[in-house]
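Visitor: Starting from these lines, generate the structure:
(4 chains)
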There are 2 protein chains.
Amino acid sequence: MVKTRRRLSERRPGGGRRMTAQRRAVLQAMSDLGCARAAEEIHARARRFHSRLGLVTVYRTLAALTRDGLAQGIHLGDGRARYELTEQGRHHHHLVCLSCGNVERLDGCLVQPVQGAARRHGFTVTGHRLELFGYCATCR
Amino acid sequence: MVKTRRRLSERRPGGGRRMTAQRRAVLQAMSDLGCARAAEEIHARARRFHSRLGLVTVYRTLAALTRDGLAQGIHLGDGRARYELTEQGRHHHHLVCLSCGNVERLDGCLVQPVQGAARRHGFTVTGHRLELFGYCATCR
DNA sequence: ATTCTTATTGAAAATGAGTTTCATTTCCAC
DNA sequence: GTGGAAATGAAACTCATTTTCAATAAGAAT
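Guide: Numbers count the residues shown, from 1 in each chain, chains lettered A, B, ... in the order given. Sure, this is the predicted structure:
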């Protein structure tokens, strides 16, 4: 991800974090929901575990998890970011249906050759994001 | 007297659109600036050719060009979309520097094998977007 | 356990990219 | 030319996400 909108007290990953009931609720919700969910969805689900949880806290928790490398945001261009937990070693991409907007996951990574091309440009690749757009089996 | 004017519904790429000084300015600006520019940048540049051009008109023109397939928006997750003209047959990806935020273009497309994997999922791929994040030659 | 420090929280207000409204202007088919 | 649809600019609006700020609560130190 490119730089977030503005400064926010730089904190070192994992340092000085407190495990609160709210954070547990957000983590549980994300784990239950799986891949690529909007903040509102995560909020609604997390309220099952902590009914007074505010949406603001969900956003803050998502930001903290992202900073610590435990979650990532996916930006498809519809104005609402999707978030998911980063499962180490389970790298995947997304199949975005242009008809129903549903997001399926596509396991595995076939982007290695592209990374080679980037290196030849003098660019050090640390990550990538691939989204495939089209029509899912039901919408087709 | 029966009107034989073209209706909105039968609009096709490039057809039924009026070529105004404002649109010419936006097109010229996008052509000059090249790949992946923010609406504000395009606006500033286009004002060289049409000083009273409003930012709203830039957004509307970008939307029209996108609808007609002449331009596309790129969403990197920093809250500001980038826009570029789609040069037919010149498909490319983007190298996004995490340090300076600069976007370089990477010509060619090496995503074919991934598309095959998607088809095996019953998904009809009509397009994709690949962004590689890392550090450019100067920032590294 | 009680106190202390400071991260975390929720509510409300702010932000900012992008969109809509509306009165006015301009293009262009006739 | 002329008339009506399309395009324009300014201002108001939308809405996801952020910031502010006073109150709360983790977790370390006592």
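Visitor: Please report how far the residue of chain A found nearest DNA strand D lies from residue B:50.
Guide: Closest approach of chain A to DNA strand D (Cβ to the nearest atom of the strand) occurs at residue A:81, with a separation of 3.3 Å. All C-beta atoms are positioned from the backbone trio N, CA, C, and that covers glycine. To residue B:50, residue A:81 is 34 Å away according to Cβ to Cβ, to the nearest Å.
Visitor: again with residue A:76
Guide: 33 Å.
Visitor: just residue A:95 next, same as before
Guide: 41 Å.
Visitor: what do you get for residue A:131?
Guide: 35 Å.
Visitor: tell me, how many neighbours does the closest residue to residue A:103 other than its chain neighbours end up with?
Guide: Nearest residue to residue A:103, sequence neighbours excluded (Cβ to Cβ, 6 or more residues apart in numbering or on different chains): residue A:36, at 4.3 Å. Applying other Cβ atoms under 10 Å in any protein chain shown, we find 22 residues neighbouring residue A:36.
Visitor: circling back to that earlier point, so between residue A:131 and residue B:50, which is more surrounded?
Guide: residue A:131 (21 against 18).
Visitor: Tell me which helix or strand the more buried one sits in.
Guide: strand A:124-135 (DSSP states H and E).
Visitor: do residue A:56 as well
Guide: With DSSP H and E as the test, residue A:56 turns up in helix A:55-67.
Visitor: Give me the pLDDT for the residue of chain A most remote from its centre.
Guide: In chain A, counting by Cα atoms, centre = their mean, residue A:120 sits farthest out from the average C-alpha position, at 28.8 Å. At residue A:120, the predicted lDDT confidence score is 90.
Visitor: where's it relative to residue B:105, distance?
Guide: Taken as Cβ to Cβ, the span from residue A:120 to residue B:105 is 14 Å.
Visitor: now residue A:122
Guide: Distance of residue A:122 to residue B:105, given as Cβ to Cβ: 14 Å.
Visitor: Likewise for residue A:53?
Guide: Distance from residue A:53 to residue B:105, by Cβ to Cβ: 43 Å.
Visitor: now do residue A:136
Guide: In terms of Cβ to Cβ, residue A:136 sits 30 Å off from residue B:105.
Visitor: and the helix or strand bottoming out on mean pLDDT in chain A, how far from the chain's centre?
Guide: Every helix and strand of chain A was ranked by mean pLDDT, DSSP states H and E. The lowest is helix A:112-119, at a mean of 86. Distance of helix A:112-119 from the chain centroid (Cα atoms, centre = their mean, to the nearest Å) equals 23 Å.
Visitor: Not counting that helix itself, show me its contacts.
Guide: A:125, A:128, B:93, B:95, B:106, B:108, B:110-111, B:130, B:132, B:134 (Cβ atoms under 8 Å, 6 or more residues apart in numbering or on different chains).
Visitor: Just want the angle from the strand or helix carrying residue A:29 to helix A:55-67.
Guide: Assigned by DSSP H and E, residue A:29 falls within helix A:21-33. Relative orientation of helix A:21-33 versus helix A:55-67 (axes from the mean of the first three to the mean of the last three Cα atoms, to 10 degrees): 70 degrees.
Visitor: joint contacts of residue A:122 and residue B:105?
Guide: Joint contacts of residue A:122 and residue B:105 (Cβ under 8 Å, 6+ apart) do not exist.
Visitor: Show me which residues of chain A sit near DNA strand C.
Guide: Selection of chain A residues close to DNA strand C by Cβ under 7 Å from any atom of the strand yields A:5, A:16-18, A:20, A:22-23, A:50, A:52-54, A:56-57, A:60-61, A:64.
Visitor: Just the buried ones among the residues you listed, please.
Guide: For the residues of chain A next to DNA strand C, a neighbour count by 16 or more other Cβ atoms under 10 Å in any protein chain shown gives the buried set as A:22-23, A:50, A:53, A:57, A:61, A:64.
Visitor: wait, which of the residues you listed is closest to residue A:70?
Guide: Using Cβ to Cβ, residue A:64 is the member of those that sits closest to residue A:70, with 8.5 Å.
Visitor: one step back: buried ones from the contacts of helix A:112-119, can you make that a ChimeraX selection?
Guide: The ChimeraX selection below is limited to those of these classed as buried (16+ other Cβ under 10 Å):
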select /A:125,128 /B:93,95,106,110,111,130,132,134
